[in-house]
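Peer 1: Any chance you could fold what I've pasted below:
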Amino acid sequence: MLGKIIVPDRTIDQKVGQQLANRGMRSPCKVAVSSRGGTVTLTGKIQYEHQRNLCMQVARGVEGVKRVLDQLQVIIKEVKKDGDRPVVQP
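Peer 2: A predicted model of the protein is given here:
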């Protein structure tokens, strides 16, 4: 009888992190990955809401991942007017 292969948490962390980097989730986005027993927690900051879906999809696609917890925050940039041109404040 074949059982499920258990993937170590460290391996899951590395694979999810690598896949996120391959998909362009680099600076200024800062996404941290931690897993325990196949449950992956994504924390950190992203620039846009659609990046949340990408991160979740990538994490779910890694072998050994059973569940993904989303603790990501979208960085909100404040836009101020300086005369006629907008100035973006990080």
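
Peer 1: Need the residue closest to the centroid of the chain.
Peer 2: The chain has C55 as the residue nearest its centroid, 4.1 Å off, counting by CA atoms, centre = their mean.

Peer 1: and that residue, how far is that from I5?
Peer 2: According to CB to CB, to the nearest Å, C55 and I5 sit 24 Å apart. Where C-beta positions appear, they are placed from N, C-alpha and C, glycine not excepted.

Peer 1: Which parts of this structure are helices?
Peer 2: In the chain, the segments counted as helices under DSSP state H are 9-22, 49-60.

Peer 1: Present these as JSON lines; the columns should include distance to T43 and mean pLDDT.
Peer 2: JSON lines is the format used below for these (distance: least, CB to CB, whole Å; pLDDT from 0 to 100):
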{"stretch": "helix 9-22", "distance to T43": "12", "mean pLDDT": "95"}
{"stretch": "helix 49-60", "distance to T43": "10", "mean pLDDT": "94"}
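
Peer 1: wait, P28 sits on K77?
Peer 2: No - using CB atoms under 8 Å, P28 is not in contact with K77; the gap is 10.3 Å.

Peer 1: Go through the helices of the chain and name the closest to Q71.
Peer 2: helix 49-60 (10.4 Å; CB to CB).
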